[in-house]
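> task: produce atomic coordinates for the following.
(one chain, ligands or ions: 1)
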Amino acid sequence: MTESRGGEARSEPRQRPGVLSVTVVNAKNLDELDLDSESDPYVVLTMDGMQQQTTRTVKNNNNPDWNEPFEFTVRHPTRSVLRAQVFDWNRWTDHGRLGWVEIGVNEVSSSDGGLEDEYLLNETRRGGTLKLSLLFSEVPDPSDRQSHG
Ligand SMILES: [Ca+2]
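Here you go, the predicted model:
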């Protein structure tokens, strides 16, 4: 029995699902929302508004280091979007947002060695940045023959 591979090769580059590895490295020059101390930042990562993962909170530090690695399943590499939002933790009141960025997975998958960049946050007043290290790994296609491994 022969089966076609469904969907002939089009000009679209990479459609295979994969895994996006994200390391939240650090942030700099975050806004200060607290009156008597520096902010208490943490980062919420969201893939396509669905999968959500959160870093630990760094207390009283507008230039926090996290160096925390995460992985997301990516079903549609050409159109999936990672959103990273930085919040200020508060014990008694609502957590305020310090800024956010959005990165298309296609930006990552089209760069061979992955990306590492300091992204300028949206909504920042002090020019705050968030440093992320990103790598996309395609799930191997079982119908691909490897000449050798
Ligand atoms: Ca706070």
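> what's the burial count for V43?
V43 is flanked by 25 other residues according to other C-beta atoms under 10 Å. Where C-beta positions appear, they are placed from N, C-alpha and C, glycine not excepted.
> name the nearest residue to it, ignoring sequence neighbours.
Spatial nearest neighbour of V43, excluding adjacent residues (C-beta to C-beta, 6 or more residues apart in numbering): T55 at 4.5 Å.
> what are the buried residues along the helix-or-strand element of the chain with minimal mean pLDDT?
Lowest by mean pLDDT, DSSP states H and E among the helices and strands of the chain is helix 105-109, with a mean of 93. Using 16 or more other C-beta atoms under 10 Å as the test for burial, helix 105-109 gives V105, N106, V108, S109.
> again with stretch 95-104
Those would be R97, L98, G99, W100, V101, I103, for stretch 95-104 by 16+ other C-beta under 10 Å.
> show me which residues of this protein are close to the ion?
D34, D40, D88, N90 (C-beta under 5 Å from the ion).
> hang on, the earlier thing: surely the residue nearest to V43 is in contact with E68?
Yes - counting by C-beta atoms under 8 Å, T55 touches E68, with 4.9 Å between them.
> who has more neighbours out of the two?
Counted by other C-beta under 10 Å, T55 and E68 do not tie: T55 has more neighbours, with 19 against 16.
> OK, contacts around the more buried one?
Residues near T55 by C-beta atoms under 8 Å, 6 or more residues apart in numbering: V24, Y42, V43, L45, W66, E68.
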